[in-house]
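K.L.:
structure, please.
(one chain, ligands or ions: 1)
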Amino acid sequence: MLPESLIAALRGAQHVCVLTGAGVSAESGIPTFREAQTGLWENYDPMDLATPEAFLRDPELVWRWYRWRRDLVAEAEPNPGHHALAELEGLVPELTLVTQNVDGLHARAGSSDVIEFHGNLFATRCFVEGCIVEVADDDGVPTCPGCGSPVRPGVVWFGEAIPASALDQSFAAAKDCDLFLSVGTSSLVYPAAGLAELAKRHGAVVAEINPNPTGLAANFDHAIAGKAGEVLPDLVAGLGGD
Ligand code: BV8
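P.N.:
Down below sits the predicted model:
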């Protein structure tokens, strides 16, 4: 049962800002970022692979890791958590959805204008020029048709800056919103994890939805211990959605 005060905050909100992490895609069968990698990748730490240094050191290995993840996502479907957020869009005056996920499942569930804070698995960019390039994902690491450099996944790696537009839009939404929902994230990666605290400092009600309360939960107004695919539909139902 969700706290009545949270439902009331949602009913009264003019602007809701939602930050999602890998936990929102867990119920679609996609491993979260920090849980043990399965199968072939169990001996690798994602923190080591998701870096420019790893790609420079072994582009083939990193490219294979991302192909494995793209194949996982291609088999996955959005779950009730994704669909609830897509439905919420039409039930509140303004909704800003910021995701750390690179799987594209929010858009597939029907959410519009998703801010992909860490990029997207299915975008491919020239490692040197940075421009988006269309490549066939054959066996080896594809090369840029323009300059012949290796092609990289269009995600933000550790040590790389968040795209300026995503950063600016997300910070503005966190400052402006009345209600901030942090869903399915361990709140360990910055600057994404700083958004909830920014919203709090600007007077928003902040709620976390996660089966395992995070280190930031103590600063929030609500810490709902539950799965995104169960809690988010309940939240929307409480608002009068079906
Ligand atoms: C930056 C894309 C500065 C790639 C990702 C040293 C050098 C440089 C930077 C740093 C440094 N030390 C620290 C930093 C900052 C660093 C950082 O924060 N590190 C942390 C680890 C300490 N940040 C950066 O590097 C960022 N850039 O700082 O740039 C800069 C500025 C100017 C110029 C140059 C540089 C960039 C960070 C982006 C990294 N890229 N992803 C890829 O995916 O391959 S981050 C990666 O972690 C994923 O995007 C993931 O989404 C994200 C966060 O993880 P979560 O989503 O939270 O997932 P996690 O598995 O951790 O947790 C899942 C949660 O779900 C759990 O809590 C679980 O309980 C819950 N859950 C499980 N099931 C469910 C559920 N919840 C709900 N329902 C369920 N069913």
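K.L.:
helices of the protein, residue ranges please.
P.N.:
4-12, 23-26, 46-49, 52-57, 59-75, 80-88, 105-109, 164-176, 194-201, 228-239 (DSSP state H).
K.L.:
mind checking if the second one is in reach of the ligand?
P.N.:
Yes - residues of helix 23-26 are located near the ligand by CB under 6 Å from any ligand atom, namely 23, 26. (Glycine included, C-beta is placed from N, CA and C.)
K.L.:
what comes up buried for stretch 127-136?
P.N.:
127, 133 (16 or more other CB atoms under 10 Å).
K.L.:
what do you get for stretch 118-126?
P.N.:
Neighbour-count burial for stretch 118-126 [16+ other CB under 10 Å]: 118-122, 124-126.
K.L.:
now pLDDT and distance to residue 87 too, for those, in a markdown table please.
P.N.:
Shown next, in a markdown table, are those (pLDDT from 0 to 100; distance: CB to CB, whole Å):
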| residue | pLDDT | distance to residue 87 |
| --- | --- | --- |
| 118 | 98 | 24 |
| 119 | 98 | 26 |
| 120 | 97 | 23 |
| 121 | 95 | 25 |
| 122 | 95 | 24 |
| 124 | 94 | 32 |
| 125 | 96 | 33 |
| 126 | 96 | 38 |
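K.L.:
what's next to stretch 183-198, contact-wise?
P.N.:
The contact list for stretch 183-198, computed with CB atoms under 8 Å, 6 or more residues apart in numbering, reads 17-26, 32-34, 81, 98, 100, 117-118, 162, 167, 170-171, 174-175, 180, 182, 206, 208-210, 214-216, 219-220, 228, 232.
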